[in-house]
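>>> Next one to model:
(2 chains)
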There are 2 protein chains.
Amino acid sequence: MKRDQLTRRGFLAASAGLGACGSAGAAAQTAPKAPLPSWNEGAAKTSIRTFIDRVTAKDGPNLVPVPERIAVFDNDGTLWAERPVYFQLQFAIDRLRELSPQHPEWSERQPFKAVLENDHAALAAAGEHGLLEIVAATHAGMTTGEFSSIVADWLATARHPRFDRLYTQMVYQPMLELLGYLRDNGFTTFIVSGGGVEFMRVFADNAYGIPPQQVVGSCGVVKLETGADGKPVLVKQPGVEFIDDGPGKPVGIDRFIGRQPVLAFGNSDGDLQMLQYTAAGNGLRFMGLVHHTDAEREWAYDRNSPVGKLDKALDEADRRGWTVVDMKRDWRTIFPRAGATGSRALQ
Amino acid sequence: MKRDQLTRRGFLAASAGLGACGSAGAAAQTAPKAPLPSWNEGAAKTSIRTFIDRVTAKDGPNLVPVPERIAVFDNDGTLWAERPVYFQLQFAIDRLRELSPQHPEWSERQPFKAVLENDHAALAAAGEHGLLEIVAATHAGMTTGEFSSIVADWLATARHPRFDRLYTQMVYQPMLELLGYLRDNGFTTFIVSGGGVEFMRVFADNAYGIPPQQVVGSCGVVKLETGADGKPVLVKQPGVEFIDDGPGKPVGIDRFIGRQPVLAFGNSDGDLQMLQYTAAGNGLRFMGLVHHTDAEREWAYDRNSPVGKLDKALDEADRRGWTVVDMKRDWRTIFPRAGATGSRALQ
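As a prediction, this is how the structure comes out:
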């Protein structure tokens, strides 16, 4: 377990070096005719609808004022898939391969050699330090705008090895509907993820209707410099500034949002503290977990998974009556229909 | 100049230890009948109105889509006054005095002795380290919620020595109107200040209509711990995490907002990089400075001021045609009428 955590933490530390926002695209909104159409009837859907009804009922005892309707979502494994590896790690691997012709020395040097030869054992052996080297080589030494463009290009072309879809089509249709349903009910929706904030901002607006300022994530060091044209630019440095995972999530929520959330959704033990912190607020609160139970349509994993390990949080959810979404049972569809992304997937 | 900067930086470093949000209160909004009534007719008012008209004109060449209408404002000296000392420093001084009966040793130990004896020379001699000690004693060792309550109590009772007003009544009426005018035109308004983020969040919502998640500032280290009731709490530590001043402002904007602003307003050289970064964006941009020229109704200071020094930024504004607001000439009123705060001051 310690090794898993180290690896997870290592990649987060590594991935915290990212690039500026860039996507435009307004938040996706739909009229709430029949909310959550991709959710099967059952306890999970009922618990969501009941919660929303209660906190929005005027003159009701659980009314939450609109400005306080803060909803936070983990990203990897909660809003989009995270297998076989975190998509941001896949981006880094693809980027390394793309850059390798300019770095002949990589063919003899770890961890680059492992990436180029697809040697998972050697990559694992390179540990956290190796991941930091991969991230430094792929997420730093460029302006935030340049990084953003590189990510956008990758997202526009790279395809998931199993599903042969763009990664932005690996988002969960039921969660898109939940985000829209919350916004229709006055909630402000935030991502609070261990992923790099600037990586996520490239697609969060179009994919989820979540604008850059509502994306909280791990951060690399960024430095103000003067560009070739004399204008100020922000240049991504190799160092890591903040890891938004585990106990870092409540800290990130405090720093970036400044309000205790009313609703939180995650899928792994890295979300446990965010869920506990949400539960500790006064008044009615909603804590949810996506449980990956569908090996056929997506993946099935929990307690012993190296990626997205869900163990302690599952026990606590059971003990405290949090909502556990059984992907196989509760979701009618997993991914948006082919070709539909972002706001189109909501219609 | 170096000493001034050191002192400014010292206080920012010091003040970066703050406490959670707490205020509710919805954003203040008014119908834009005759916008900016407290602004005299003249170049400054015209430049603002012309800019807004252009970036909102449908089918116009300068149209900025609503999600990209990001406006950033410095706080001290731009949205509220900053004399004779930064109000957050006054809070720290008052807090030290309040705590002093429990710390008899302070009467013999600097910098505490200097504060208790109102000895400005000794306080200045204590330098950055002294300020950090003051902040550690007043901004750390408590939960974010406790800190927030302490600040709220101070704001509800402490009065400005010259004007005998609550500090939240030391906000600038013309800037309140500008914030409302921008929001009426689809802008999202942010504070980007060297002040502590959690200090500002206590009053920013009620005073300015700016909710906690739109307040960017310096941050102290915060740690997740378990409270006496077993619930998670965030405890403020003495260390400083991020200084949102000078070159830190574009970094803070990138990290918290993720979009290059369209409009920026400041009042000192600490805002220069934020203004330059805003100016470097593509398309029509607005850069503004509040120039303190009214010793009678407020204060007059610029190039040689230890607080709010405005020198390089003033030269650059002149050279590049940025809008410089002459407080004496351009503002019909400075502060809201007595008793009116926040949204009431906008009506």
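
>>> Can you list the low-confidence ranges for the stretch 1-150 of chain A?
A:1-32 (pLDDT under 70).

>>> just so I have it, where are all the helices in it?
Taking DSSP state H, counting those that start in this stretch as the test, the helices found in the stretch 1-150 of chain A are A:2-15, A:43-56, A:87-99, A:112-116, A:120-139, A:144-157.

>>> helices or strands next to the fifth one in the packing?
Translated: helix A:120-139. Packing partners of helix A:120-139 (3 or more Cβ pairs under 8 Å, 6 or more residues apart in numbering or on different chains; DSSP states H and E): helix A:2-15, helix A:87-99, helix A:112-116, strand A:232-242. In this view, the C-beta of every residue, glycine as well, is placed from N, C-alpha and C.

>>> same thing with the third one?
Using 3+ Cβ pairs under 8 Å, 6+ apart, the elements in contact with helix A:87-99 are helix A:2-15, helix A:112-116, helix A:120-139, helix A:144-157.

>>> Can you add distance to B:Asp229 and mean neighbour count and give these back as a markdown table?
Putting the helices and strands packed on helix A:87-99 into a markdown table (distance: least, Cβ to Cβ, whole Å; neighbours: other Cβ atoms under 10 Å in any protein chain shown) gives the following:
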| stretch | distance to B:Asp229 | mean neighbour count |
| --- | --- | --- |
| helix A:2-15 | 28 | 19 |
| helix A:112-116 | 48 | 20 |
| helix A:120-139 | 35 | 19 |
| helix A:144-157 | 42 | 18 |
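
>>> In a markdown table: those, plus distance to B:Phe335.
Shown next, in a markdown table, are the helices and strands packed on helix A:87-99 (distance: least, Cβ to Cβ, whole Å):
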| stretch | distance to B:Phe335 |
| --- | --- |
| helix A:2-15 | 47 |
| helix A:112-116 | 61 |
| helix A:120-139 | 47 |
| helix A:144-157 | 39 |
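
>>> Dump the helices of the stretch 1-150 of chain A into a markdown table; add distance to B:Gly60 as well.
Formatted as a markdown table, the helices of the stretch 1-150 of chain A follow (distance: least, Cβ to Cβ, whole Å):
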| stretch | distance to B:Gly60 |
| --- | --- |
| helix A:2-15 | 40 |
| helix A:43-56 | 38 |
| helix A:87-99 | 38 |
| helix A:112-116 | 49 |
| helix A:120-139 | 38 |
| helix A:144-157 | 25 |
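
>>> Any chance you could give me stretch A:99-107 in CSV, C-alpha atoms only?
Only the C-alpha atoms of stretch A:99-107 are listed here, as CSV (Å, rounded to 0.1, in the frame of the first residue of the first chain):
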residue,chain,number,x,y,z
LEU,A,99,10.5,14.7,-28.0
SER,A,100,12.9,11.6,-28.0
PRO,A,101,14.4,12.2,-31.4
GLN,A,102,15.9,15.5,-30.0
HIS,A,103,17.2,13.5,-27.0
PRO,A,104,19.2,10.5,-28.2
GLU,A,105,20.7,10.2,-24.7
TRP,A,106,17.3,9.1,-23.4
SER,A,107,17.6,5.7,-25.1
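
>>> tell me which residues in it are buried?
Across stretch A:99-107, burial judged by 16 or more other Cβ atoms under 10 Å in any protein chain shown covers A:100, A:106.

>>> so where do the strands sit in chain A?
Here chain A has its strands, by DSSP state E, at A:70-73, A:188-196, A:215-226, A:232-242, A:263-266, A:286-293, A:300-301, A:323-326.

>>> What lies in contact with the fourth one?
If I follow you right, that is strand A:232-242. Identification of contacts with strand A:232-242 by Cβ atoms under 8 Å, 6 or more residues apart in numbering or on different chains yields A:13-14, A:16-20, A:132, A:135-136, A:139-145, A:147, A:198, A:218-227, A:248, A:252, B:250-251, B:254, B:273, B:276-277, B:280.

>>> Next, the angle helix A:144-157 makes with it.
Comparing the axes of strand A:232-242 and helix A:144-157 via axes from the mean of the first three to the mean of the last three Cα atoms, to 10 degrees yields an angle of 70 degrees.

>>> got the contact list for the residue nearest the centre of chain A?
Nearest to the mean C-alpha position of chain A, by Cα atoms, centre = their mean, lies A:Asn75 at 1.9 Å. Applying Cβ under 8 Å, 6+ apart to A:Asn75 gives the contacts A:191, A:193, A:195, A:200, A:217.

>>> can you tell me which two in these are farthest apart?
The span of these, defined through Cβ to Cβ, is set by A:Ile191 and A:Gly195 at 8.3 Å.

>>> higher neighbour count, the two?
Legend: neighbour count by other Cβ atoms under 10 Å in any protein chain shown for A:Ile191 and A:Gly195, higher for A:Gly195 (27 against 23).

>>> list the buried ones in stretch A:61-79?
A:64, A:67-79.

>>> can I get the CA coordinates of that stretch in PDB?
The C-alpha coordinates for stretch A:61-79 follow below in PDB (Å, rounded to 0.1, in the frame of the first residue of the first chain):
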ATOM      1  CA  PRO A  61     -35.300  23.500   7.200                       C
ATOM      2  CA  ASN A  62     -32.400  22.500   5.000                       C
ATOM      3  CA  LEU A  63     -32.300  25.500   2.600                       C
ATOM      4  CA  VAL A  64     -28.800  26.400   1.600                       C
ATOM      5  CA  PRO A  65     -28.400  30.000   0.200                       C
ATOM      6  CA  VAL A  66     -27.300  30.000  -3.400                       C
ATOM      7  CA  PRO A  67     -23.800  31.500  -2.800                       C
ATOM      8  CA  GLU A  68     -23.000  28.600  -0.400                       C
ATOM      9  CA  ARG A  69     -24.100  25.900  -2.800                       C
ATOM     10  CA  ILE A  70     -20.500  24.700  -3.500                       C
ATOM     11  CA  ALA A  71     -20.100  21.300  -5.100                       C
ATOM     12  CA  VAL A  72     -16.600  19.700  -5.500                       C
ATOM     13  CA  PHE A  73     -15.700  16.800  -7.700                       C
ATOM     14  CA  ASP A  74     -12.600  14.800  -8.000                       C
ATOM     15  CA  ASN A  75     -11.600  14.300 -11.600                       C
ATOM     16  CA  ASP A  76      -9.700  11.100 -12.400                       C
ATOM     17  CA  GLY A  77     -12.100   8.200 -11.900                       C
ATOM     18  CA  THR A  78     -14.900  10.500 -10.800                       C
ATOM     19  CA  LEU A  79     -15.600  12.700 -13.900                       C
END
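
>>> how much space between A:Glu103 and A:Ala140?
Glu isn't right for residue A:103; it's His. 15 Å (Cβ to Cβ, to the nearest Å).

>>> Ok, A:Val290 next?
Taking Cβ to Cβ, one finds A:Val290 at 32 Å from A:Ala140.

>>> cool, A:Thr188 as well?
31 Å.

>>> ok, A:Asp244 touching A:Gly220?
No - contact between A:Asp244 and A:Gly220 fails when scored by Cβ atoms under 8 Å: they sit 11.8 Å apart.

>>> Around chain B, which positions in the stretch 151-300 of chain A sit nearby?
A:188, A:190, A:197-198, A:201, A:205, A:211-215, A:219, A:222-224, A:231-234, A:247, A:250-251, A:254-260, A:273, A:276-277, A:280 (Cβ under 8 Å from any Cβ of the partner chain).

>>> Leaving aside the residues adjacent along the chain, what's closest to A:Ile52?
A:Asn185 (5.3 Å; Cβ to Cβ, 6 or more residues apart in numbering or on different chains).

>>> Just give the number of residues close to that neighbour.
A:Asn185 has 16 nearby residues by other Cβ under 10 Å.

>>> what do you get for the one 4 residues further on?
Other residues lying near A:Thr189 total 24 when counted by other Cβ under 10 Å.

>>> right, and it touches A:Leu179 too?
Yes - contact criterion Cβ under 8 Å: A:Thr189 and A:Leu179 qualify, at 5.1 Å.

>>> any shared contact partners between these two?
With Cβ under 8 Å, 6+ apart, A:Thr189 and A:Leu179 have common neighbours A:73, A:208-210.
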